[in-house]
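Chemist: I'd like to go over a predicted model; first the sequence, then the structure.
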Amino acid sequence: MVFRAPNWILFALVALSLCAAVAFADADADDGSESKEFVLTLDHSNFSDVVGKHDFIVVEFYAPWCGHCKKLAPEYEKAASILSSHDPPIALAKVDANEEANRELATEHEVKGFPTLKIFRKGGKAVQEYKGPREAEGIVSYLKKQSGPASAEIKSVDDASNLIGEKSIVVVGVFPKFSGEEYENFTALAEKLRSDYEFGHTLDAKLLPRGESSVAGPVVRLFKPFDELFVDFKDFHVDALEKFVEESSVPVVTVFNNDPSNHPFVIKFFNNVNAKAMLFMNFTNELAESFKSKYRDVAEQFKGEGISFLLGDLDASQGAFQYFGLKEDQVPLIIIQTTDGQKYLKANVEPDHIAPWVKDYKAGNVPPYRKSEPIPQDNSEPVKVVVADTLQDTVFNSGKNVLLEFYAPWCGHCKKLAPILDEVALSYESDADVVIAKLDATANDIPNDPFDVKGYPTIYFRSASGKIVSYEGDRTKEDIIDFIEKNRDKAGDATTEEEEKKDEL
Ligand SMILES: *[C@@H]1O[C@H](CO)[C@@H](O)[C@H](O)[C@H]1NC(C)=O
Ligand SMILES: *[C@@H]1O[C@H](CO)[C@@H](O)[C@H](O)[C@H]1NC(C)=O
Ligand SMILES: *[C@@H]1O[C@H](CO)[C@@H](O)[C@H](O)[C@H]1NC(C)=O
């Protein structure tokens, strides 16, 4: 079984030090079989049991082949050993999500990349994503905080400046007393969102670094490292508070670079339902400031119109460039991706072009962009190379019977299949009605309809008359040829094409 996350997640993951949870089947597992002592090993058989017995436990879902997991392992183990002597002890555990028997467990917990760490509270009744650092010391201090009270009391200016840093969102409740419905609702919110934001509460607004200092409360003041730097809010309904925190913590323009403190905002950007506009440029370029301010103006101008804006540094964007099939000589460039996967591109953009182009896009005047490898000059090998730009001609309009493999260059099963497909192609060399072809699905956009490519290799067959079947048989020369013979249209069947067209009308 193989599953594929929505593609834009994959691109985000590359930036966020995660391995995509794809191509499970291709793992060449080498289980680092060092003797681990402090991190508990869980699997599908005892996961619920063990989690059920803990008031607070962290579980890492990992895959043995994932480099980011290997890097985390010694840090995680070290943190586990330190936290085992914390009072009360904090338990760290791991699940091999690559193991067939544990995959359902991983799916249940929405594991989309590796490593994924989750915090389980109250025997698993409350689950939160771990959003802390990846080295031992950082893990320890993040988890100490997570296992303590959800909101910290601010009693001094020092408390306030320790809590309210330069990099993260901090939500502070100012109260005349630490009781009453407002205080309880604030605490409930802190409990709910504690892994996403830091929370504090105080009796004295004068201790806080920004905002009106004479307020007695109740008021919630949200500090953020961007835009207007703080916002006050006074509606203490839990839902209203949550909405306020979520909305105020989205920057007008999300910055995407190598700074890990920006990553929570990048995740938010990719998780929202808007169309996503992304401007990629070299941040050390002399025009960078001009771009940033013009882009920000555009983002303000299109606020509430269903587009979110991200500004990406070329330095951090290799994953994005590969995913979108972009070239460095196209920067500065702006690309918009809609939730249904359509893309729109403007390469070599100038600061003053951004607003009119986005307007054109909104008006439906920009044609979609499709990623394609160049059309091959020489396509004389037995297995024909198809790219996005030749898919229509080679597969849909050729009037031939086409077996098409969707592959990924890194996929082991695809490599194993390659010589077999060669043999199949050779045996059809003298048959002009049959084409054996392949398409690199990582370098070309493919239409979801009719091709449902969830893993590699995926093989489809389109008969001359347009019947489309996916190949599910064994990957042997004999079986593939049998399948082609069973599904192909023989010369003389050509009338079927006409008939089918009539049927459709
Ligand atoms: C859970 O079960 C696995 C497999 O039986 C075992 O290796 C592991 O030690 C168990 N974990 C705990 C914490 O009991
Ligand atoms: C606290 O939250 C609950 C649930 O949203 C709401 O019914 C109640 O009115 C809130 N209390 C105050 C003082 O806003
Ligand atoms: C960005 O521009 C600087 C200065 O012109 C240059 O040194 C650097 O290599 C560029 N970065 C990339 C990723 O092209």
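Modeler: Nice, I can see it. Bear in mind the structure is a predicted one, so any value in this text is a computation, not a measurement. Ligands and ions are numbered 1, 2, ... in the order given.
Chemist: how about the host helix or strand of Phe199: buried residues?
Modeler: Assigned by DSSP states H and E, Phe199 belongs to strand 198-202. Under the neighbour-count criterion of 16 or more other Cβ atoms under 10 Å, strand 198-202 has 198-202 buried. Quick note: C-beta positions are derived from backbone N, CA and C, even for glycine.
Chemist: stretch 439-456 now?
Modeler: Here stretch 439-456 shows 439-446, 451, 453, 455-456 as buried, counting by 16+ other Cβ under 10 Å.
Chemist: so how many other residues sit close to Arg221?
Modeler: Arg221 has 23 neighbours, counted by other Cβ atoms under 10 Å.
Chemist: tell me how far the residue in the stretch 401-505 of the chain positioned nearest to ligand 2 lies from ligand 3.
Modeler: In the stretch 401-505 of the chain, the residue that lies nearest ligand 2 is Asn448 (40.4 Å; Cβ to the nearest ligand atom). Per Cβ to the nearest ligand atom, to the nearest Å, Asn448 is found 33 Å from ligand 3.
Chemist: and the helices in the stretch 251-400 of the chain?
Modeler: For the stretch 251-400 of the chain, helices defined by DSSP state H, counting those that start in this stretch occupy the ranges 263-271, 288-301, 318-324, 354-362, 391.
Chemist: can you redo those helices as a markdown table with mean pLDDT, mean neighbour count and distance to ligand 2?
Modeler: Listed next are the helices of the stretch 251-400 of the chain as a markdown table, based on pLDDT from 0 to 100; neighbours: other Cβ atoms under 10 Å; distance: least, Cβ to the nearest ligand atom, whole Å:
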| stretch | mean pLDDT | mean neighbour count | distance to ligand 2 |
| --- | --- | --- | --- |
| helix 263-271 | 83 | 18 | 23 |
| helix 288-301 | 92 | 16 | 31 |
| helix 318-324 | 81 | 18 | 40 |
| helix 354-362 | 94 | 17 | 36 |
| helix 391 | 92 | 21 | 52 |
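Chemist: including distance to Lys112, could those helices go into TSV?
Modeler: Compiled in TSV, the helices of the stretch 251-400 of the chain are given as follows (distance: least, Cβ to Cβ, whole Å):
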stretch	distance to Lys112
helix 263-271	11
helix 288-301	27
helix 318-324	15
helix 354-362	28
helix 391	28
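Chemist: tabulate these (JSON lines), appending distance to ligand 1.
Modeler: Formatted as JSON lines, the helices of the stretch 251-400 of the chain follow (distance: least, Cβ to the nearest ligand atom, whole Å):
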{"stretch": "helix 263-271", "distance to ligand 1": "30"}
{"stretch": "helix 288-301", "distance to ligand 1": "49"}
{"stretch": "helix 318-324", "distance to ligand 1": "35"}
{"stretch": "helix 354-362", "distance to ligand 1": "53"}
{"stretch": "helix 391", "distance to ligand 1": "47"}
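Chemist: looking at those, which is nearest to Arg475?
Modeler: With distances scored as Cβ to Cβ, the stretch of the helices of the stretch 251-400 of the chain nearest to Arg475 is helix 391 (22.6 Å).
Chemist: which residues are in contact with that closest one?
Modeler: The contact list for helix 391, computed with Cβ atoms under 8 Å, 6 or more residues apart in numbering, reads 439, 444, 446-447.
Chemist: kindly report the same for stretch 178-194.
Modeler: With contact meaning Cβ under 8 Å, 6+ apart, stretch 178-194 is reached by 128, 146, 150-151, 153, 171, 173, 175, 177, 199, 201, 203, 217-218, 220, 236-238, 241-242, 245.
Chemist: tell me the one of the buried residues of strand 198-202 nearest ligand 2?
Modeler: His201 (15.2 Å).
Chemist: how about the contacts made by the closest one?
Modeler: Shown in contact with His201 (Cβ under 8 Å, 6+ apart): 151-154, 172-175, 178, 183, 186-187.
Chemist: in strands only, show me those residues.
Modeler: 151-153, 172-174 (DSSP state E).
Chemist: what subset of these is buried?
Modeler: Taking 16+ other Cβ under 10 Å as the criterion, what is buried in those is 151-152, 172-174.
Chemist: where does Ile420 land in three-state SS?
Modeler: Classification of Ile420 using DSSP: H, G, I helix; E, B strand; the rest coil returns helix.
Chemist: if I look at Ser161, how far off is His237?
Modeler: Counting by Cβ to Cβ, to the nearest Å, the gap from Ser161 to His237 is 30 Å.
Chemist: which of the contacts of stretch 178-194 come close to ligand 2?
Modeler: With Cβ under 6 Å from any ligand atom as the criterion, those include 236-238 near ligand 2.
Chemist: would you list these in a markdown table and tack on pLDDT and secondary structure?
Modeler: Below are these laid out as a markdown table (pLDDT from 0 to 100; DSSP: H, G, I helix; E, B strand; the rest coil):
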| residue | pLDDT | secondary structure |
| --- | --- | --- |
| Phe236 | 96 | coil |
| His237 | 96 | coil |
| Val238 | 95 | helix |
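Chemist: wait, which of the residues you listed is closest to ligand 3?
Modeler: Val238 (45.2 Å).
Chemist: now do the residue lying closest to that closest one once chain neighbours are set aside, the pLDDT please.
Modeler: Take Val238 and drop its neighbours on the chain: the residue closest to it by Cβ to Cβ, 6 or more residues apart in numbering is Asn185, 5.1 Å away. At Asn185, the model reports a pLDDT of 97.
Chemist: got it, and the one 4 residues further on?
Modeler: For Leu189, the pLDDT comes out at 96.
Chemist: what's the spacing between the residue of the stretch 351-500 of the chain at minimum distance from ligand 3 and ligand 1?
Modeler: Per Cβ to the nearest ligand atom, Pro351 is where the stretch 351-500 of the chain lies closest to ligand 3, at 16.8 Å. Pro351 is 57 Å from ligand 1, where distance means Cβ to the nearest ligand atom.
Chemist: can you count the residues close to that residue?
Modeler: A total of 18 residues lie near Pro351 under the criterion other Cβ under 10 Å.
Chemist: excluding its backbone neighbours, what's nearest it?
Modeler: Per Cβ to Cβ, 6+ apart, closest to Pro351 is Lys294, 4.1 Å.
Chemist: could you list the domains of the protein?
Modeler: The record's domain parsing of the chain by automatic domain parsing lists 7-147, 151-248, 253-362, 384-504.
Chemist: for the first one, give the mean pLDDT please.
Modeler: Pointing back at domain 7-147 there. Averaged across domain 7-147, the pLDDT comes to 84.
Chemist: what about that domain, distance to the chain center?
Modeler: Taking Cα atoms, centre = their mean, to the nearest Å, one finds domain 7-147 lying 18 Å from the centre of the chain it belongs to.
Chemist: which parts of the helix or strand hosting Ala160 are buried?
Modeler: Using DSSP H and E, Ala160 sits within helix 157-163. By neighbour count on 16+ other Cβ under 10 Å, the buried set for helix 157-163 is 160, 163.
Chemist: what sits up against that helix?
Modeler: The contact list for helix 157-163 (Cβ under 8 Å, 6+ apart) reads 152-154, 170, 172, 198, 200, 202, 207-209.
Chemist: can you tell me which of the residues you listed lies nearest to Glu60?
Modeler: Using Cβ to Cβ, Glu198 is the member of those that lies nearest Glu60, at 22.7 Å.
Chemist: the closest one pairs with what?
Modeler: Using DSSP bridges, the bridge partners assigned to Glu198 are Val170.
Chemist: spell out which residues of this protein are next to ligand 2.
Modeler: 181-182, 185, 236-239.
Chemist: dump those residues into CSV; add neighbour count as well.
Modeler: As requested, those are exported to CSV (neighbours: other Cβ atoms under 10 Å):
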residue, neighbour count
Glu181, 10
Glu182, 21
Asn185, 20
Phe236, 19
His237, 12
Val238, 14
Asp239, 10
